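K.L.:
have a look at this prediction, sequence included:
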Amino acid sequence: METEGNLVYDPLLKCYKVVDHMGKQDHRLQAGEQIELFIDGQWVPVSIGLFGKAQDQWAWKFTTQQKEPISPSPDLRARLVHVGQKQKSR
C-alpha cells in the first residue's frame, strides 16, 4: 500500500483505517501505532490509542508527541510511519 492516504473510520469494523488515494488498499490501524496527520498545512506525528469501551464500541484517541489530543476530521490526509500488520486489499 502507499504510505499516504486518507484517515477513514469503518463503522462495520469499528476501527480507523488509512485508505490509499485510489480507494483500493487500506491499512487497519491498531492501538500503539504511529501515523502522521496533515493538519494546518503540516505533518503532525500522532500516536493511536484506545480508552475504554462503551455501548460495545471502543473509544479511539489520537495524541501528539506532546500528549495533546487530536480529533481527526473525516478524510483527513494521513501517512503511515510504521506498518506493523499485513496490508489488506479490498
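P.N.:
In hand now; what should we look at?

K.L.:
buried ones in stretch 59-76?
P.N.:
For stretch 59-76, the neighbour count (16 or more other Cβ atoms under 10 Å) marks Trp60, Lys61, Phe62, Pro72, Leu76 as buried. No exception for glycine: its C-beta is placed from N, CA and C like everyone else's.

K.L.:
so which helix or strand takes in the first one?
P.N.:
Taking DSSP states H and E as the definition, Trp60 sits inside strand 57-64.

K.L.:
what lines up beside that strand in the sheet?
P.N.:
strand 42-54 (antiparallel), strand 69-70 (antiparallel) (DSSP bridges).

K.L.:
give me the neighbour count for Leu7.
P.N.:
22 (other Cβ atoms under 10 Å).

K.L.:
bridging residues for it?
P.N.:
The bridge-partner assignment for Leu7, based on DSSP bridges, gives Val18, Leu76.

K.L.:
isn't it right up against Arg79?
P.N.:
No. Leu7 is beyond contact range of Arg79, at 9.7 Å (criterion: Cβ atoms under 8 Å).

K.L.:
show me the shaky parts of this structure.
P.N.:
Along the chain, segments meeting pLDDT under 70 span 1-2, 52-58, 82-90.

K.L.:
so which of the strands paired with strand 57-64 is nearest Met22?
P.N.:
strand 42-54 (21.0 Å; Cβ to Cβ).

K.L.:
neighbouring contacts of that closest one?
P.N.:
Residues from elsewhere that reach strand 42-54 (Cβ atoms under 8 Å, 6 or more residues apart in numbering): 16, 29-38, 58-65, 70, 79, 81.

K.L.:
send me that strand as CSV with only the CA atoms.
P.N.:
Extracted C-alpha coordinates of strand 42-54, given in CSV (Å, rounded to 0.1, in the frame of the first residue of the first chain):
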residue,chain,number,x,y,z
GLN,A,42,2.0,20.4,8.1
TRP,A,43,2.6,16.7,9.0
VAL,A,44,2.0,16.1,12.7
PRO,A,45,3.2,12.8,14.3
VAL,A,46,0.3,11.1,16.2
SER,A,47,0.0,8.1,18.4
ILE,A,48,-3.1,6.0,18.4
GLY,A,49,-4.7,4.5,21.5
LEU,A,50,-7.9,3.2,23.0
PHE,A,51,-9.5,4.4,26.1
GLY,A,52,-12.4,2.4,27.4
LYS,A,53,-15.4,0.7,25.8
ALA,A,54,-18.9,2.0,25.9
